[in-house]
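Asks: my questions concern the predicted model and sequence given below.
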Amino acid sequence: MSEFGSHKKNDVGPPVAEGWRAACGGASAGMSVEAHRGGEPVSNGSCSASDAVKRVQNESGCESPTWENPGSESALKSAIPRRSSLIKDGSRAGREKKKTVSFSSSLAEKKISSAAGCIHSMVEGSELKKIRPNSRVYQRYYLLDAGLQALFWEPSKKESDKARIFLDSIREVRTGRNTETFRTSGVYEQISEDCAFSIIYGEMYESLDLVANSAEVANIWVTGLRYLMQYGRHALDILANSQDSLRLRWLEQLFSSAADQNKQEVIEEGIPLQSAVKLVQSVNPGVSSGKVEHRFKEIQRLREKTGALTSCNESATKDHAENEKPSARKEQVTKQEFIEVFHDFCTRPEIYFLLVQFSSNKEYLDAKDLMRFIEAEQGVAQASEEMSLQLIQAHEPSEEGRQQGHLSLDGFTSYLTSSECHLFDREHDTVCQDMSQPLSHYYINSSHNTYLIEDQFRGPADKSGYIRALKMGCRCVEVDVWDGPDGEPVVCTGHSLSRPLALHSVLEAIAKFAFVASEYPLILCVENHCSLQQQKVLLQHLTRILGEKLYRDLPAEGALYLPSPEELRHRILLKGKKLGPDSDGEVSEEDEGAEMSQRIKAVNAGGTEKDIVQKSVSLTSVPQSNMPHPSPKRFQLLRELSDLVTLCHSVGFKDFKTSSKAQKPWELCSFHESLALRLAGDSPGDFVNHNKHFLSRVYPNPMRIDSSNMNPQDLWKCGCQIVSMNFQTAGLMMDLNTAWFRQNGTCGYVLRPDIMRQEVSYFSADTKDTVPGVSPQLLHVKVISGQNLPKPKGSGAKGDVVDPYVYVEIHGIPADCSERRTRTVRQNGDNPIFDESFEFQINLPELAMVRFVVLDDDFIGDEFIGQYTIPLECLQPGYRHVPLQSLTGEDLPHAKLFVHVALTNRRGGGKPYKRGLSVRKTRKGREYTALRDLGVRTVDEVFKMAAPLLREAADLRGNMQNSVAVFRELCGVSAVANLMQCVLALGSRVSGPEGTPLLLFDLRDSYPTLEPQGPLPDVLRRVVSTYDTMVNASKAVMESADAIYEKILHIQTMAMEFHEKLQSLAMKEGLKGSKVSRALESFSWNITILKGQADLLKHAKAEVEENMKQSPLGPMCYLNPSYCTCHTDQLQRC
């Protein structure tokens, strides 16, 4: 083992060295920690040597620039090439690296996962970059002195006694870029949040702001310094006596139980190798038995080699005899070997660093620690010690820990990987939205040509397509009916080579599975191509097989909207052509396949059948104007069949103006994909308004012969309810569709955003900026690590090695679409550490989705490893595990990502330090949302009444949110931290030299106040001042919000009285043509602004109420009851 004194600057006395040896040996009682492999130490999984330190220092996790000249182009972080969200086939040119066989990391690459390991690493030293207030950056070598009393650095122009910080002067170790030096630095944008940390020290609260070369190095220094702050120079001795004792005793019991089961008389002889492998897999089921077995044998070979070296001076006979013993027990595993391998495969450093952050530097969490974690980080409201104890009982593996109410590292890992910490909010597993609104207010999960299970032209047809789609929650299926043999109609795609299905078997499958996954209405799109004779058979099958499930009630005369899904539960709605009251029985035929057939013939012109599908890709790019459009045919429709169509009457689309005047709510238009996208681009606002009253169905381009899918988001943003997808084709588009409909219990219906449902509202689907009346959200995602990432499917490389990286994608309106990627972790699929954070501004949260994609960076061909897609509304905040899915949507066993997620209503954009302490917008400079003049005097006068109210509402909301943001900055937490996390961060700063509090929270008022207990340093005076400002701004919101909210809504109601007669009023004012259209648009804009600003004020009040729940009562009284002045009942809660 490399001693502390091995460094030329260090002198280690015997007590420290003994403490280090004991701490490292805590988990491997009788084994010498001086055992070497080629001169390097053998780690027990909870300690590490200098090679591990050098490895994490040299990793490119933070990709920090050199910063020799911060203003130069070379100082910018290396750009990572963007990639299309579509997974591409084919090899990557220019790659020279080859995959190699690798079963595990080498013994010299163990990760640091103990406080003792962190302290040893700090004594070895690390290269860190120091950030100065003038934006200058200095690279220095930082070390902890041998006596564990001071931190020093070299080289330095200062005298040696000044180029150091004594540990007893450190007041706080702060993570992230959360000091004023960082925020005002010109290199802020180039610094990774996860690699930055600050040491606050001295009576004047000075800061030493540092950036590590990797997030792991930053974690090592933060954890080590916090331990030393608490335990001082005797930290290692304390750790030697207590380190992992709970875990160690549990592992010894686990080993003894396995020995008893195998009837081992002498436990020192060990247990069978396969039994040891199964024990490790019982805790980490994702690791392969081959990897575990390989590690055991690797350690045993090392033991044999070490044993041979120590016996080299003994007799040849004795040496031979002793060397026979290890080979004789190769299939046995000793206790020390088991504990070491268990640490290798079941210790996750990233979870260890998280545990010590919340455990007050203990090796376990007690009930109060866990309560603080689940409330402050996981966002669980009203967490209690009783809840924490229940979680401990459920997840702590050791009986001793359960009895004492302690959660060990293994128990904490179990909790974080359980369903309680799933990224998806389980409340959305059941129907959780209002289902009583009109049918047109919902997105409806829809399938295209449901009977096909492969491509559109030659692929086989099967009723299993209906069964699969209905089980997935599909609520709109298609049945193309044609004349069949023996007078029986069949289901198939006309003009194609697919095998037809008997109609009655399709309807029987639909009847059986229609309401298995959802009780809400199923729309049956019948494309009728039958003769009158076979239409009679079709009618008989529909009425006989579907029976009472068929909805036959006519809509109410003059109805403005369709019935709700709640009213139509367990009913099947037929969508099709309908005869008018005076019709002669002839209607235009719906034939979506005719265009496909005609285009294929036009392009192929003599080509073989084999060429058709291959040419389909090029056909999709042929402009509409270059291809002949088949004119719709006319055919005779049976009156009795027409009468079955009641709420979904198919009609042709002419233009939005005609539809607004003539279309009935129960009439439905079907749009060709290309036409729908053109309308979305040319008239996005009109398309949204059209879909407020009428159902719109969009079907794929007929030339998608390969059954590829369109992007449903392109149509959802326009409000289109029914976007038909080819369920048989996996990939990004189906990932989006499947994930989107999970948010409401997979019932097939999702309520559209409020701004798309309001009678009068202004929303443009192609907006590339904020949405009027909607508060943008800032999404913070930290990709921490991955677990058990498999080889890409179809991999031809040998071994199990992968080089993973992660893309985080945002899908939504154009203003929200974005993607960011992590670095690549080389040759590690077991537990790659990424530790990278990203921020995304979400302008329309109700329509946004987040997608995690894991790819292999060095693979020829299919590079896809796994993905997970989730609506933003379903995200749970805090530390969460993300279960990865295959390209076809199945869960990948044990494959996960570990992430941290936070959402705030603070708007992003611009440099953070310009939104921080140095440059803040004053009230005078605040931007207010303006109302528009219509040019109609009576209406404009009403809207002018709202202008001062809107300014007052914006001031109330802005003052409160700005004061909270500044308070966060002074507390040294990130922009997405909640108030509880702010107060917890203050805990280390509010105690004086003798441990007496410098500040007291007075909780006797409804608004807690901060009371100084004597003279304060400048930084704490600013904290008190900012806290008072925040409290006063919050009071103003609570006292004034309701009255202003009611006044704004009253003005909105007054303005809406002009809605019906607005056009005639505009014409009376002399407005004509486009000016009338602009007046109508401005009216919608103003109504949207009034409603939106009133809602934002209401949300601001709710935010204040939430902040009050996170008052200092819980966190500060938990840290130290002497910090609070409470009522008697509050003291009982404390």
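Replies: Noted; the coordinates are in hand.
Asks: and the longest strand seen in the chain, which residues are buried?
Replies: When every strand of the chain is counted residue by residue (DSSP state E), the longest turns out to be strand 891-904. Neighbour-count burial for strand 891-904, with 16 or more other C-beta atoms under 10 Å as criterion, is recorded at Leu892, His894, Ala895, Lys896, Leu897, Phe898, Val899, His900, Val901, Ala902, Leu903, Thr904. From N, CA and C alone the C-beta is placed, and that goes for glycine too.
Asks: any chance of TSV for these, columns distance to Asn528?
Replies: Rendered in TSV, the data for the buried residues of strand 891-904 read as follows (distance: C-beta to C-beta, whole Å):
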residue	distance to Asn528
Leu892	43
His894	49
Ala895	46
Lys896	49
Leu897	48
Phe898	53
Val899	50
His900	54
Val901	49
Ala902	53
Leu903	48
Thr904	53
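Asks: closest one to Gly558 out of these, please.
Replies: For those, the closest approach to Gly558 (C-beta to C-beta) belongs to Leu903, at 43.6 Å.
Asks: burial count for the nearest residue to Ser724 once chain neighbours are set aside?
Replies: For Ser724, ignoring the flanking residues on the chain, the nearest one in space by C-beta to C-beta, 6 or more residues apart in numbering is His448 at 3.6 Å. Residues lying near His448 (other C-beta atoms under 10 Å) number 28.
Asks: His448 contacts Ile722, correct?
Replies: No: the pair His448 / Ile722 is not scored as a contact, 10.1 Å apart, by C-beta atoms under 8 Å.
Asks: sorry, back to before: now for the buried residues of strand 891-904: which two are most distant?
Replies: Using C-beta to C-beta, the pair of the buried residues of strand 891-904 lying farthest apart is His894 and Thr904, separated by 32.5 Å.
Asks: for the helix or strand following the longest strand of the chain, which positions count as buried?
Replies: Remark: after strand 891-904, the chain's next helix or strand is helix 937-944, criterion DSSP states H and E. Of the residues in helix 937-944, those with enough neighbours to count as buried (16+ other C-beta under 10 Å) are Val939, Asp940, Val942, Phe943.
Asks: and these, which is closest to Leu732?
Replies: Of all the buried residues of helix 937-944, the one with the least separation from Leu732 (C-beta to C-beta) is Phe943, at 43.8 Å.
Asks: measure Thr334 to Gly1073 for me?
Replies: Thr334 sits 91 Å away from Gly1073, taking C-beta to C-beta, to the nearest Å as the criterion.
Asks: tell me how far the residue lying closest to Pro563 once chain neighbours are set aside lies from Ala556.
Replies: Ranked by C-beta to C-beta, 6+ apart and with sequence neighbours excluded, the top spatial neighbour of Pro563 is Leu439, at 6.5 Å. Here the criterion is C-beta to C-beta. By it, Leu439 lies 14 Å from Ala556.
Asks: so for these two, which sits in the more crowded spot?
Replies: Neighbour totals were compared for Leu439 and Ala556, and Leu439 leads with 24 against 10 (other C-beta under 10 Å).
Asks: give me the neighbour count for the spatially closest residue to Glu385 that is not a sequence neighbour.
Replies: Using C-beta to C-beta, 6+ apart and skipping the chain neighbours, the partner closest in space to Glu385 is Ala367 (4.6 Å). Each residue near Ala367 was counted by other C-beta under 10 Å, and the total is 20.
Asks: now the strands: where do they sit in the stretch 51-200 of the chain?
Replies: According to DSSP state E, counting those that start in this stretch, the stretch 51-200 of the chain carries its strands in the segments 126-131, 137-144, 150-154, 164-166, 170-175, 196-201.
Asks: got those as JSON lines, with distance to Glu836, mean neighbour count and mean pLDDT columns?
Replies: Compiled in JSON lines, the strands of the stretch 51-200 of the chain are given as follows (distance: least, C-beta to C-beta, whole Å; neighbours: other C-beta atoms under 10 Å; pLDDT from 0 to 100):
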{"stretch": "strand 126-131", "distance to Glu836": "18", "mean neighbour count": "21", "mean pLDDT": "94"}
{"stretch": "strand 137-144", "distance to Glu836": "21", "mean neighbour count": "19", "mean pLDDT": "92"}
{"stretch": "strand 150-154", "distance to Glu836": "27", "mean neighbour count": "18", "mean pLDDT": "90"}
{"stretch": "strand 164-166", "distance to Glu836": "29", "mean neighbour count": "16", "mean pLDDT": "91"}
{"stretch": "strand 170-175", "distance to Glu836": "14", "mean neighbour count": "20", "mean pLDDT": "90"}
{"stretch": "strand 196-201", "distance to Glu836": "13", "mean neighbour count": "23", "mean pLDDT": "93"}
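Asks: adding distance to Gly1092, write the ones you listed out as a markdown table.
Replies: Formatted as a markdown table, the entries for those read as follows, by distance: least, C-beta to C-beta, whole Å:
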| stretch | distance to Gly1092 |
| --- | --- |
| strand 126-131 | 40 |
| strand 137-144 | 44 |
| strand 150-154 | 52 |
| strand 164-166 | 51 |
| strand 170-175 | 36 |
| strand 196-201 | 37 |
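Asks: okay, domains of the chain per the record?
Replies: The record assigns the chain these domain ranges, following the TED database: 115-242, 439-579+637-756, 777-793+801-904, 937-1119.
Asks: from Trp153, how far off is the closest residue in space to Gly125 that isn't next to it in sequence?
Replies: For Gly125, ignoring the flanking residues on the chain, the nearest one in space by C-beta to C-beta, 6+ apart is Leu143 at 3.8 Å. Leu143 is 7 Å from Trp153, where distance means C-beta to C-beta.
Asks: ditto for Ile119
Replies: If you measure Ile119 against Trp153 using C-beta to C-beta, the figure is 17 Å.
Asks: ok, Pro665 - how many residues close by?
Replies: Pro665 is surrounded by 20 other residues when neighbours are defined as other C-beta under 10 Å.
Asks: ditto for Glu216
Replies: 26.
Asks: correct me if wrong: it contacts Glu836.
Replies: No: in terms of C-beta under 8 Å, Glu216 does not count as a neighbour of Glu836; the distance is 12.0 Å.
Asks: how about Gln981, secondary structure?
Replies: The local conformation at Gln981, judged by DSSP: H, G, I helix; E, B strand; the rest coil, is helix.
Asks: sorry, that was for Ser1084
Replies: helix.
Asks: quick one: the residue nearest to it when sequence neighbours are not counted from Pro438, how far?
Replies: Spatial nearest neighbour of Ser1084, chain neighbours left out: Tyr762 (4.3 Å); criterion: C-beta to C-beta, 6+ apart. Spatial separation of Tyr762 from Pro438 under the definition C-beta to C-beta is 21 Å.
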